[in-house]
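**Student:** build me a model from this:
(one chain, ligands or ions: 1)
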Amino acid sequence: MRINKNILPILNTVKYAALKKDIPLWSTASFKRHYCVNADADSSINFSDIPIERIRNFSIIAHVDHGKSTLADRLLELTGTIKGGPSQILDKLQVERERGITVKAQSASLLYKHNGEIYLLNLIDTPGHVDFSNEVQRSLSVCQGVILLVDSNDGVQAQTVANFYLAFVNDLVIIPVLNKIDLKNADPQRVTNELKSLFDINPADVLKISAKLGIGVESVLESVVTKLPSPKVDRSANLRALLFDSMYDKYRGALSLIYVQDGCVSLGDSIATFHNKKVYEVKSLSVLRPDEVPVKKLVAGQIGLVGCNMRSPKEAYVGDTIHHTDCTVEPLEGFKSSRPMVFAGVYPTDQSQHINLRNAIEKLTLNDSAVTVDLDTSPALGQGWRLGFLGLLHLEVFTQRLTQEYSAEPIITAPSVTYKIRLKPTKQNVKDKSEVMFVNNPAHFPEQNRIEQTFEPMVIGTIVTPDKYLGPIMSLCMERRGVQRTANNIDNSRVILQYDLPLCEIVLDFHDTLKTISSGYASFDYENNDYIESNLVKLGILLNGTLVDELSHIVHVTKARTIGRQMVLKLKEMIPRQMIHIAIQAVVNGKVMAREDLKAYRKDVTAKLYGGDVTRRMKLLAQQAAGKKKMRMVANVSIPKETFIEVLKK
Ligand SMILES: Nc1nc2c(ncn2[C@@H]2O[C@H](COP(=O)(O)OP(=O)(O)OP(=O)(O)O)[C@@H](O)[C@H]2O)c(=O)[nH]1
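**Tutor:** Residues are numbered from 1 along each chain as shown. You can find the predicted model right below:
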């Protein structure tokens, strides 16, 4: 590791010695004496005895990869909550570890000694990717402050801007922290100036740390205690707790993560929820450290997990208020539900898997409340669901979790955004000229002669980039039918751009392309905007003359030929040759835009075996049969199940 020399003056002797010997700072005796709560004392501390003035609830927010989970690890270690061990401890899901990103906000309760007093710090590590911004929004609703973390090499990025404003509009106290000061190219001064010019943050308030090396991390804890307010709650009032996340446990059913706004809740209490009006007995209560530690009581200001035998995942409604059955209270505000941006059909590989897949989707949506679920049927794929997601990464993560956590292997159809269509007045409804329908499934796209006007959803995209990539980025936005709104300098080498872009142009691969053309330096964030009128058509895909709606796509008329060409080529590549000749065509209103042919072919997997090796022959045939199971018969053609989504990627 090459250490930035500029940080040396800020290391005191203990830290420097620890660093040189590669001893983690938090394991030094002097550190433990000052900051960690003694492990023996820890087990005897009753969390509910900690007064409100000594509670701090905060989130760590930042752009992707700026070090949130690493800082969370350090804070857990420094406070003695965990004793080292695996890194990114709050990234608990397999999908998070495999992809190296946080997709779920995770909370942990830390005990911290300040001026001899013990404080309870409830930390929430949030995801950085724009597809999971609903997790950040929910987390902020139970916090009084945030740590806004910025990489001191990368500087302010698109999600830094989005997250700053999210915290700002929620009236939260912001602790600005520059991370990765150990990197050779770190430039904390430049990034401090960016924070000043963009957000008017006082340079004197900016902390400079290296979460990886543990440098300066104690100053973060000190700021959390001294700068953040304690929660505004009332312990003497009747119980009101906000259910802000939930998860499914095999043995205990749905578990609810709650923030106790008023009063307290104890084991054995009889509680009810506003949304479903059902009554439950509190069976288990725990705080997360970050694993569950059972407690007897949760009091106002605390965050904890409640188990009350909710058997159906639908009962734990995120945003609901929990109260005691014998008291009437005003419900808490809850959450504005996030609007799904991308829809895709989800079908079992064969209909015998239907019930399993339904259970898996129900349980997983409990832990991912942003996903919307509607029933759907498809002539080729049978009974299934139309699911709504916040973006393509969200869709991919959800389906990966279905497979990894519930052993379900669904088929996902081509994702689509929701278009608005105004139909021509018919003789019967001349008076009602404005018959409008919303379509997110190409199968429901009306015949062209019934359509009066079509509209597509737009976003306002924010791009932060070094100015040397400005040319290619502007070309990319133009190619994606974007219209520039603003362009401003952040400093003398970086620019922040705002564009109006059609949502369908950014959901699939815009982010990846942007990263590629800017060597990874540009970042992107977007927010929903209105619908605008746009000339849209259905690009149908025909396999041997049969329309396959599951592969069809709604596109802008100017893109129909290019996308049609790309799709037939991709399909030719993805569909294995079969015993019949396959014609693949892309059509718009009956007019062929592109065509490819896949020649017939008979694959005799046992052909190379001579003689009578029956067992080997059987094994090969069995392997071939298993391979076929992973395919789906559509229009008499076997299609690998990934085709439906992969075909749209360039
Ligand atoms: N050199 C250096 N690397 C760091 C530091 N902090 C984090 N990293 C590295 O930066 C990368 C991203 O860190 P994470 O903690 O996963 O970042 P994150 O913000 O939680 O990422 P997402 O949850 O995906 O948004 C990892 O490879 C870390 O080891 C630091 O202070 N110095």
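**Student:** now the closest residue to the ligand within the stretch 351-500 of the chain: which helix or strand?
**Tutor:** Residue of the stretch 351-500 of the chain nearest the ligand, by CB to the nearest ligand atom: Leu393 (10.7 Å). For every residue, glycine as well, the C-beta is placed using N, CA and C. Element membership for Leu393 (DSSP states H and E) is helix 392-406.
**Student:** may I have that helix exported as PDB, CA atoms only?
**Tutor:** Output of helix 392-406 as PDB, limited to C-alpha atoms (Å, rounded to 0.1, in the frame of the first residue of the first chain):
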ATOM      1  CA  LEU A 392     -32.100  -3.200 -14.400                       C
ATOM      2  CA  LEU A 393     -29.500  -3.900 -11.600                       C
ATOM      3  CA  HIS A 394     -32.400  -4.200  -9.200                       C
ATOM      4  CA  LEU A 395     -34.000  -6.700 -11.500                       C
ATOM      5  CA  GLU A 396     -30.800  -8.700 -11.800                       C
ATOM      6  CA  VAL A 397     -30.100  -8.700  -8.100                       C
ATOM      7  CA  PHE A 398     -33.700  -9.700  -7.300                       C
ATOM      8  CA  THR A 399     -33.500 -12.700  -9.700                       C
ATOM      9  CA  GLN A 400     -30.100 -13.700  -8.500                       C
ATOM     10  CA  ARG A 401     -31.500 -13.600  -4.900                       C
ATOM     11  CA  LEU A 402     -34.400 -15.800  -6.000                       C
ATOM     12  CA  THR A 403     -32.000 -18.400  -7.300                       C
ATOM     13  CA  GLN A 404     -29.500 -18.100  -4.400                       C
ATOM     14  CA  GLU A 405     -31.800 -17.800  -1.400                       C
ATOM     15  CA  TYR A 406     -34.800 -19.800  -2.600                       C
END
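**Student:** can you tell me what sits against it?
**Tutor:** 93-95, 98-99, 103, 129, 131-132, 342, 344, 346, 356-357, 359-361, 363-364, 368, 370-371, 387, 389, 408-410, 412, 415, 507-508, 645 (CB atoms under 8 Å, 6 or more residues apart in numbering).
**Student:** narrow those residues to those in helices?
**Tutor:** Among these, the residues falling in helices (DSSP state H) are Gln94, Val95, Glu98, Arg99, Asn356, Leu357, Asn359, Ala360, Ile361, Lys363, Leu364, Ile645.
**Student:** next, count neighbours for the third one.
**Tutor:** By the measure other CB atoms under 10 Å, the count of residues near Glu98 is 10.
**Student:** could you check how far it is from Gly67?
**Tutor:** 19 Å (CB to CB, to the nearest Å).
**Student:** what residues does Asp376 make contact with?
**Tutor:** Asp376 is in contact with Gly345, Gly384, Trp385, Arg386, Asn441, counting by CB under 8 Å, 6+ apart.
**Student:** in what helix or strand does the residue nearest to the fourth one when sequence neighbours are not counted lie?
**Tutor:** Here the nearest residue to Arg386 in space, its sequence neighbours aside, is Asp376; by CB to CB, 6 or more residues apart in numbering that works out to 4.1 Å. In this structure, Asp376 sits in strand 372-378 according to DSSP H and E.
**Student:** packing partners of the host helix or strand of Gln566?
**Tutor:** Following DSSP H and E, the helix or strand that holds Gln566 is helix 560-574. With contacts defined as 3 or more CB pairs under 8 Å, 6 or more residues apart in numbering; DSSP states H and E, the packing partners of helix 560-574 are strand 536-543, strand 553-556, strand 582-588, strand 591-598, helix 643-646.
**Student:** which other helices and strands does the helix or strand containing Leu285 contact?
**Tutor:** Taking DSSP H and E as the criterion, Leu285 maps to strand 284-288. Packing partners of strand 284-288 (3+ CB pairs under 8 Å, 6+ apart): strand 106-114, strand 292-294, strand 297-299, strand 303-310.
**Student:** let me see the mean pLDDT of the second one.
**Tutor:** Right, the one you point to is strand 292-294. The pLDDT scores in strand 292-294 average 88.
**Student:** that one pairs with which strands?
**Tutor:** According to DSSP bridges, strand 292-294 forms sheet pairs with strand 284-288 (antiparallel).
**Student:** okay, angle between the partner strand and strand 106-114 too, please.
**Tutor:** 70 degrees (axes from the mean of the first three to the mean of the last three CA atoms, to 10 degrees).
**Student:** now do strand 284-288 against strand 303-310, angle only.
**Tutor:** 150 degrees.
**Student:** burial measure for Cys166, as a count.
**Tutor:** No Cys there; residue 166 is Leu. Neighbours of Leu166 using other CB under 10 Å come to 20.
**Student:** so what pLDDT did it get?
**Tutor:** 85.
**Student:** how about it, phi and psi?
**Tutor:** Dihedral pair for Leu166: phi -60, psi -50, per degrees, to the nearest 10.
**Student:** how about stretch 274-292: buried residues?
**Tutor:** For stretch 274-292, burial by neighbour count (16 or more other CB atoms under 10 Å) applies to Phe274, His275, Tyr280, Val282, Ser284, Leu285, Ser286, Val287, Leu288, Arg289, Pro290, Glu292.
**Student:** still on that earlier bit, the helix holding Gln566 - what's its average pLDDT?
**Tutor:** 88.
**Student:** if we can go back for a sec, from the contacts of helix 392-406, which would you call buried?
**Tutor:** By 16+ other CB under 10 Å, those give 93, 95, 99, 103, 129, 131-132, 342, 344, 346, 357, 360-361, 363-364, 368, 370-371, 387, 389, 408-410, 412, 415, 507-508, 645 as buried.
**Student:** right, and the helices and strands packed on helix 560-574 - which one's nearest the ligand?
**Tutor:** Per CB to the nearest ligand atom, nearest to the ligand of those: helix 643-646, 22.3 Å.
**Student:** show me what contacts the closest residue to the ligand within the chain?
**Tutor:** Residue of the chain nearest the ligand, by CB to the nearest ligand atom: Gly128 (2.6 Å). Taking CB under 8 Å, 6+ apart as the criterion, Gly128 is in contact with Ala62, His63, Val64, Asp65, His66, Lys68, Ile101, Thr102, Gln159.
**Student:** of all those, which comes closest to Leu242?
**Tutor:** Closest approach between the contacts of Gly128 and Leu242, by CB to CB: Thr102, at 21.8 Å.
**Student:** against Leu148, how distant is that closest one?
**Tutor:** On the measure of CB to CB, Thr102 and Leu148 end up 16 Å apart.
**Student:** next one: Tyr531
**Tutor:** 33 Å.
**Student:** and these two? Which one has more around it.
**Tutor:** Neighbour count, other CB under 10 Å: between Tyr531 and Leu148, Leu148 has more, with 27 against 15.
**Student:** run through the bridge partners of that one.
**Tutor:** Assessed by DSSP bridges, Leu148 has beta-bridge partners Ile61, Pro176.
**Student:** check the residue lying closest to Leu423 once chain neighbours are set aside and give its pLDDT.
**Tutor:** Nearest residue to Leu423 in three dimensions, chain neighbours excluded: Glu435, at 4.6 Å (CB to CB, 6+ apart). We have a pLDDT of 83 for Glu435.
**Student:** right, and Ile451 touches Pro425 too?
**Tutor:** No - between Ile451 and Pro425 there is no contact under CB atoms under 8 Å: 11.9 Å.
**Student:** look at those two and report which has more neighbours.
**Tutor:** For Ile451 and Pro425, the more surrounded residue by other CB under 10 Å is Ile451, and the numbers stand at 17 against 14.
**Student:** where's that one relative to Asn535, distance?
**Tutor:** 10 Å.
**Student:** got the contact list for Ala583?
**Tutor:** Leu542, Leu543, Asn544, Gly545, Arg595, Glu596, Asp597, Leu598.
**Student:** write out the residues of the stretch 201-350 of the chain neighbouring the ligand.
**Tutor:** Ser210, Ala211, Lys212 (CB under 6 Å from any ligand atom).
**Student:** how much space between the closest residue in space to the first one that isn't next to it in sequence and Asn489?
**Tutor:** For Ser210, the nearest residue in space outside its immediate sequence neighbours is Asp182; the separation is 4.1 Å by CB to CB, 6+ apart. Separation of Asp182 from Asn489 (CB to CB): 28 Å.
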